[in-house]
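Trainee: predicted model and sequence below, questions to follow.
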Number of protein chains: 2
Amino acid sequence: MTGVRVSGATRLYAVLGDPVTQVRAPELLNPLLAGLGVDAVVVPVQVGRGDLADVVRGLMRVGNVDGLLVTVPHKAAVCAVADELGPAAAVTGTANAVRREPDGRLLAENFDGLGFVRGLRAAGRSVRGAHVFVAGAGGAGGAVAAALLAAGAARVAVRDPDEARLAGLLARLARPGAPTQRPGASTHGSAGAYAAGPGDLARADIVVNASPLGMRPEDPLPFDPAAVRPDALVADVVMKPHETALLRRAAALGRPVHHGIHMLENQVTEYRAFFGWPENPAAPADANSGMS
Amino acid sequence: MTGVRVSGATRLYAVLGDPVTQVRAPELLNPLLAGLGVDAVVVPVQVGRGDLADVVRGLMRVGNVDGLLVTVPHKAAVCAVADELGPAAAVTGTANAVRREPDGRLLAENFDGLGFVRGLRAAGRSVRGAHVFVAGAGGAGGAVAAALLAAGAARVAVRDPDEARLAGLLARLARPGAPTQRPGASTHGSAGAYAAGPGDLARADIVVNASPLGMRPEDPLPFDPAAVRPDALVADVVMKPHETALLRRAAALGRPVHHGIHMLENQVTEYRAFFGWPENPAAPADANSGMS
């Protein structure tokens, strides 16, 4: 792992979660920032549910904090702290990135879904016309479902034991103006998102665990990979452990698998645009110009 | 500069200041922590005066923030945010380090003075019996004056254009029970701390700039080094720039000089005890045990 040079002039990005030890963003983004000549460091910030609003407001008053990344369990709650929501955050009710606008307002947006879909494409999986099963209607599940629909998935069956949460997500996904509602798309060609029923898991081309199940060794499997089609892709959004119990089991059953890290890796392009990082490495002379 | 490895399991220390780009603690302490096998990173945090209390309370609610270092202009204000003051903080009314006690209370203490005196000794300068002139009765000045007296300085003449601030510091330094009042020390042998008058600068064995003057290129000199004795040591607590205008001028006049960085370098032993860092490097297998 490449080390980060931290000085008094270094800018900060915080990754908010609870727990936070599993987050991969520091290891993924710090070498990228260094390579771009951005004098900034991404650090983990463990914050409990009850403290989120105070910690976010406190951090965003810090002059050299340029942004936040947000993970479980704060992706929904951070939307209430933000002053403005980007389109994906509005439809999913969750966000995973926050920046300070020039007027001081906090803008929250969700790039999980875009990252997930980019990751599927990078792995050679077509999303257009696909039938997808998503376990989990929380932050990641909503983001993944919305992005899959926006990318042309035919059906997205979502399962969540919390019926109110599931119903809320389906209502937001169906709202006119949601980025999931493609202009000119025929409603006949797409069943959109709906509550998963019996048989949806077995019929899907792609099955996704978008719940936190798998982060802890004692977690049950989010679904039984033996019940999916032999050619269906079994994807996980859990990043740590890299090999979740679900993916291990699916691989043992011969199913193709797709790791959680791809969702994060494939968000880098979006983060770069959102946070204003340069697209190309600065010349060495520029890299330290903030230190004078 | 050695790079820092940051993962989701990394613990945080924040250096609070405004401005903050000049702080040297990240560059000094991060390689030390890495060498000790402590998975932690020291980061700069720029916070304005009006936001200090909110930012401190927010940061100390972050589960993986283990402590704060505090610099200009917050050294006095942070004492009001803390729940408890260590002995040096109590006498100086300023603190430069904050930790969370097991019961959640915030303990603030000031190690600037101890670090400064350790630095003088390391440079071969005797403090016992010395006559010292200190410019600045703020955070650093109070800490330096208190530690000099506790270390046996005969006289500490303090100058500050803010008369109320100077009077407040002198009253705290004279208070019974202050660590500056050495048990068994004869009051006849020590004039203690007093407001500098004409001639004190010219008589001193050691002259110290403990004001922020010198951080900005346009600052005036805190005093004229041509007025000090040719053998007097000219010391600065300003760390950035390393060569302040005062030290450059003093050196040009042939006076021995003592750089600001020594005050910080020589606080490392105190930080280690205060924050509970190990005294010796952990075995490599232990260094990453928090990442599992």
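Mentor: Structure's in. What do you need? Numbers count the residues shown, from 1 in each chain, chains lettered A, B, ... in the order given.
Trainee: what ranges do the helices span in the stretch 151-292 of chain A?
Mentor: Listed in chain order, the helices of the stretch 151-292 of chain A (DSSP state H, counting those that start in this stretch) span residues A:163-174, A:200-203, A:245-252, A:261-265, A:268-275, A:284-287.
Trainee: any idea which of the ones you listed is most buried?
Mentor: Most buried of those, by mean neighbour count (mean count of other Cβ atoms under 10 Å in any protein chain shown): helix A:261-265, with a mean of 22. Every residue, glycine included, has its C-beta placed from N, CA and C.
Trainee: what packs against that helix?
Mentor: In this structure, helix A:261-265 packs against helix A:25-36, helix A:112-122, with contacts taken as 3 or more Cβ pairs under 8 Å, 6 or more residues apart in numbering or on different chains; DSSP states H and E.
Trainee: distance to chain B, mean pLDDT and mean neighbour count for those helices - can I get that in CSV?
Mentor: Formatted as CSV, these follow (distance: least, Cβ to the nearest Cβ, whole Å; pLDDT from 0 to 100; neighbours: other Cβ atoms under 10 Å in any protein chain shown):
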stretch, distance to chain B, mean pLDDT, mean neighbour count
helix A:25-36, 4, 94, 20
helix A:112-122, 17, 95, 23
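Trainee: what's the span of stretch A:130-145 from first residue to last?
Mentor: By Cα to Cα, to the nearest Å, the extent of stretch A:130-145 from end to end equals 12 Å.
Trainee: by mean pLDDT, show me the worst of the helices of the stretch 151-292 of chain A.
Mentor: Among those, helix A:284-287 carries the lowest mean pLDDT, a mean of 45.
Trainee: tell me where chain A has strands.
Mentor: A:11-17, A:40-46, A:65-70, A:84-85, A:97-100, A:106-109, A:131-135, A:155-159, A:192-195, A:206-209, A:233-236, A:257-258 (DSSP state E).
Trainee: the fourth one: how far from the chain's middle?
Mentor: Its chain's C-alpha centre lies 17 Å from the corresponding centre of strand A:84-85 when counted by Cα atoms, centre = their mean, to the nearest Å.
Trainee: what lines up beside that strand in the sheet?
Mentor: strand A:106-109 (parallel) (DSSP bridges).
Trainee: the second one too?
Mentor: Here the strand partners of strand A:40-46, with direction, are listed using DSSP bridges: strand A:11-17 (parallel).
Trainee: next, the angle strand A:65-70 makes with the strand it pairs with.
Mentor: Using axes from the mean of the first three to the mean of the last three Cα atoms, to 10 degrees, one finds that strand A:11-17 and strand A:65-70 are set 20 degrees apart in direction.
Trainee: give me the mean pLDDT for strand A:11-17.
Mentor: This predicted structure assigns strand A:11-17 an average pLDDT of 98.
Trainee: same thing with stretch A:71-78?
Mentor: Averaging pLDDT along stretch A:71-78 yields 92.
Trainee: do that stretch and chain B meet?
Mentor: No - taking Cβ under 8 Å from any Cβ of the partner chain as the criterion, stretch A:71-78 and chain B are apart, separated by no less than 9.5 Å.
Trainee: any regions of the stretch 51-200 of chain A where pLDDT drops low?
Mentor: Scanning the stretch 51-200 of chain A for pLDDT under 70 picks out the ranges A:176-191.
Trainee: how many neighbours does the residue in it that chain B sits nearest to have?
Mentor: Of the stretch 51-200 of chain A, the residue with the smallest distance to chain B, taken as Cβ to the nearest Cβ, is residue A:58 at 2.5 Å. In terms of burial, residue A:58 registers 25 neighbours under the definition other Cβ atoms under 10 Å in any protein chain shown.
Trainee: which residue packs closest to it, ignoring adjacent ones?
Mentor: In space, not counting the residues next to it along the chain, residue A:58 is nearest to residue B:58; the distance is 2.5 Å by Cβ to Cβ, 6 or more residues apart in numbering or on different chains.
Trainee: contact partners for the one you found?
Mentor: For residue B:58, the contacting residues are A:51, A:54-55, A:57-59, by Cβ atoms under 8 Å, 6 or more residues apart in numbering or on different chains.
Trainee: which of these count as buried?
Mentor: Buried members of those, scored by 16 or more other Cβ atoms under 10 Å in any protein chain shown, are A:51, A:55, A:58-59.
Trainee: does residue A:206 really touch residue A:126, like I thought?
Mentor: No - under the criterion of Cβ atoms under 8 Å, residue A:206 makes no contact with residue A:126, lying 9.5 Å away.
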